[in-house]
Each structure stands twice: as structure tokens, then as C-alpha cells.
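1. no FASTA, just this:
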């Protein structure tokens, strides 16, 4: 077994012991079910890192954005972890079973977090797993999880895979002094925005990358793909979920709400892979923050929405018949819909 620092051991134990509240994911019709995989592994210092992707430039929506591996359910008998593992296999080549991993590697399903509501009205269930590396052996004297597992990408969906320091998602600045001094830009930016009269904290993390933490698909192949691919997972982790006003939001935060974000905020200018830092924001950022809160038993240094996921709002939308199997043309979560759901009798 590869070395884990004491903090990493405790984080894995906390996640393993976490029991999510009853989920409304199974109440959603098949077309509204989605899951993402939060895949953790230990670096050479024993600290945990998380696996993320950069979406291909050939995709119809959210091209170039950072996302967790994930997508929609295919069958009603699939549970969230099965969906997340299947999508991780299709996007980054993570085998579905341990016996197909390199010798000594295993994947442990640690827990699942409350479902999030995507702006596209999908119920997104985050599934947390730990990728355990083997101890050094004569056959493999230098196990390197990222090198051994990650560089198998579907270039049609994923332009690159990169890894980020997991604990850093609770901090406002880079934990590594070298990153603070040598990599242009800052680690965190956040602001409160009004979304249907609710206070929503938009997190933006800017992950410093290097050749050791980024694995690219066949980039020439990616650039040649002019035809958009069918996307079961096109609009999951990058979209903004519904928010309820955070009990943790201070009066100062509430009084400084900014207007809803323009569409240009979600676009990536230039070559997404050429940046010294990769931007992680929206639902992906929120999920990582909540997962780190559970793992390390700490609250972030910055302001945030205090609740986990959107189980209550998903249930309320189901109550008013909103999450139908087929989405109507032009159907969006308007203020009136959200107000009706908020006032629905449970």
C-alpha cells in the first residue's frame, strides 16, 4: 500500500464513515439522473489529489471547461456509482473492475454525497472513490498513480486529464509556496450572486498545472474534430445548480450580491490547455468544496453556501411535476418556477 499522510488517512476514514441523507436521485426519471466521480489518490508525499478533466474543444457545450468525470444514467437499474464508474471508463479509461487495473491497484467506493441540481434540471449524484496504489516492489519500483492510470483518454470527449491538491479546495491561496511565487495568477476567487433571489456563492479555483499533473489526449486528433459528438454528459458538472440562501452568508455578503453571471463567464478564451492554471468553477467547484468539508472536517477559509447538495429543491421540483422525463423546448428554471417549488407542500 502506498504511503498516506496522517491527514490523508483521516480524510479517507471520514469519507468512508460518511452516510449521506436519503437521496431523491432514485425518484428522478431516467433522463434526469446523472453522476460524477470524485477520484482521489495519494501523491508521493502522501497527500490526496483529485482527478479532473478538460472537456474537448469539439463538444457542443462547455468546451474547454474543467469537469469531473461523469454523465447520465443509461438504465434504471444503474446506481450512481455504476454510472460514475462507467463514465470514468469511457472518458479517462479507468477500468470498471479492479482485475483490469495494473497489478496492485484497487478502487474503493468510499461514499456518495447529496445530489446536486444542475441548471439543466438533472439530479447529479457525486460518488467518492479512492484509487489505492501498490507499495514499491521489484516489479514496480516506482508506483506513480497518475502516470500508471490516467493517460488513457477519449479524445472526442476529453482533451486532457489533470490533478489538483484536494485539501487546497478549503483554502484561499495555493498551499505550495512555489506555486504562489512561480505560477502566474491566484488560486481562488469567489463572489455572491443572485440566482432567482437566492444567494449563490460562485467559487473559482485556478489550479496550477505542470507536465507532471496534466495528461493530454491526442491533441491533433482533438483539433481535427469539427463534428460535435452526441453528449449524454455535456451539461452536467459545469452548470450552476439551484441554491437556497445560505445560513452561513453574512449580512455583508447578502448586501453585496452581484447580478447573475453573463454567458461569456462560462466560455474559455483561447487554448484552454495552454494556460498555466486551469479554472475549476460552477457545480464542479461546489462539489469539490463539499467533499473536502466532509473529508477534512473543516469549513473553507472563504464564504460559501452552508448546505450540502440540493436534495430539498429536487424533491420540491418533483412535487410540482417539474422534473418530467422529457424536457420541453425552452424550459428553464425561472423565478416563478423556483418560487412555486419553494412553497410546495411536502
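-> Good, I have the coordinates. Just so it is clear, the model here is predicted, and its values are computed rather than measured.
2. and the spatially closest residue to residue 101 that is not a sequence neighbour, helix, strand or coil?
-> Excluding the flanking residues, the one nearest residue 101 by Cβ to Cβ, 6 or more residues apart in numbering is residue 95, at 5.3 Å. C-beta here means a position set from N, CA and C on the backbone, and glycine is covered the same way. Classification of residue 95 by DSSP: H, G, I helix; E, B strand; the rest coil places it in coil.
3. for residue 64, give me the pLDDT.
-> For residue 64, the model assigns a pLDDT of 82.
4. tell me which stretches of the chain form helices.
-> Applying DSSP state H to the chain gives helices spanning 6-17, 80-92, 145-149, 177-182, 219-224, 251-255, 282-296, 311-319, 335-342.
5. count of residues packed around the residue nearest to residue 101?
-> Neighbour count for residue 95, taken as other Cβ atoms under 10 Å: 16.
6. relative to residue 344, how far out is it?
-> 43 Å (Cβ to Cβ, to the nearest Å).
7. gap between the residue nearest to residue 101 and residue 73?
-> Separation of residue 95 from residue 73 (Cβ to Cβ): 20 Å.
8. can you check residue 20 too?
-> Separation of residue 20 from residue 73 (Cβ to Cβ): 17 Å.
9. so which of the two has more stuff around it?
-> More neighbours surround residue 73 than the other of residue 20 and residue 73, with 27 against 18 (other Cβ under 10 Å).
10. name the nearest residue to that one, ignoring sequence neighbours.
-> Counting by Cβ to Cβ, 6+ apart, residue 73 lies nearest to residue 33, which is 4.0 Å off, once chain neighbours are set aside.
11. which residues does the one you found contact?
-> 25, 72, 73, 78, 80, 83, 122, 123, 125 (Cβ atoms under 8 Å, 6 or more residues apart in numbering).
12. ok, residue 277 next?
-> Residue 277 makes contacts with 183, 184, 185, 206, 207, 208, 209, as judged by Cβ under 8 Å, 6+ apart.
13. can you pull the contacts of the fourth one?
-> So the one you mean is residue 206. Here residue 206 is in contact with 185, 186, 187, 188, 189, 277, 278, 279, 280 (Cβ under 8 Å, 6+ apart).
14. of those, which belong to strands?
-> With strands taken from DSSP state E, the overlap with the contacts of residue 206 comprises 188, 189, 277, 278, 279, 280.
15. out of those, which end up buried?
-> 188, 277, 278, 279, 280 (16 or more other Cβ atoms under 10 Å).
16. residue 191: how many residues sit nearby?
-> Neighbour tally, residue 191, other Cβ under 10 Å: 15.
17. these two touch, right, it and residue 202?
-> Yes - between residue 191 and residue 202 a contact is recorded at 5.6 Å, counting by Cβ atoms under 8 Å.
18. now do the shared contacts for those two.
-> Between them, residue 191 and residue 202 share no contacting residue, judged by Cβ under 8 Å, 6+ apart.
19. got any ranges where the stretch 101-250 of the chain has weak pLDDT?
-> The stretch 101-250 of the chain contains residues with pLDDT under 70 at 136-143, 150-155, 195-197, 218-250.
20. how near is the residue nearest to residue 73 to residue 23?
-> Separation of residue 33 from residue 23 (Cβ to Cβ): 11 Å.
21. nearest residue to residue 126 in space, please, no chain neighbours.
-> residue 113 (4.3 Å).
22. and that neighbour, backbone torsions?
-> Residue 113 has phi and psi values of phi -100, psi 160 when expressed as degrees, to the nearest 10.
23. report how many residues lie close to the closest residue to residue 297 other than its chain neighbours.
-> Excluding the flanking residues, the one nearest residue 297 by Cβ to Cβ, 6+ apart is residue 14, at 6.0 Å. A total of 16 residues lie near residue 14 under the criterion other Cβ under 10 Å.
24. repeat that for the one 10 residues further on.
-> Residues near residue 24, counting by other Cβ under 10 Å, number 23.
25. what do you get for residue 213?
-> By other Cβ under 10 Å, the residues close to residue 213 number 18.
26. show me the contacts for it.
-> Residue 213 makes contacts with 49, 146, 162, 163, 164, as judged by Cβ under 8 Å, 6+ apart.
27. try it again at 6 Å.
-> Listed by Cβ atoms under 6 Å, 6 or more residues apart in numbering, the contact set of residue 213 reads 162, 163.
28. next one: it from residue 147, what distance?
-> Residue 213 is 11 Å from residue 147, where distance means Cβ to Cβ.
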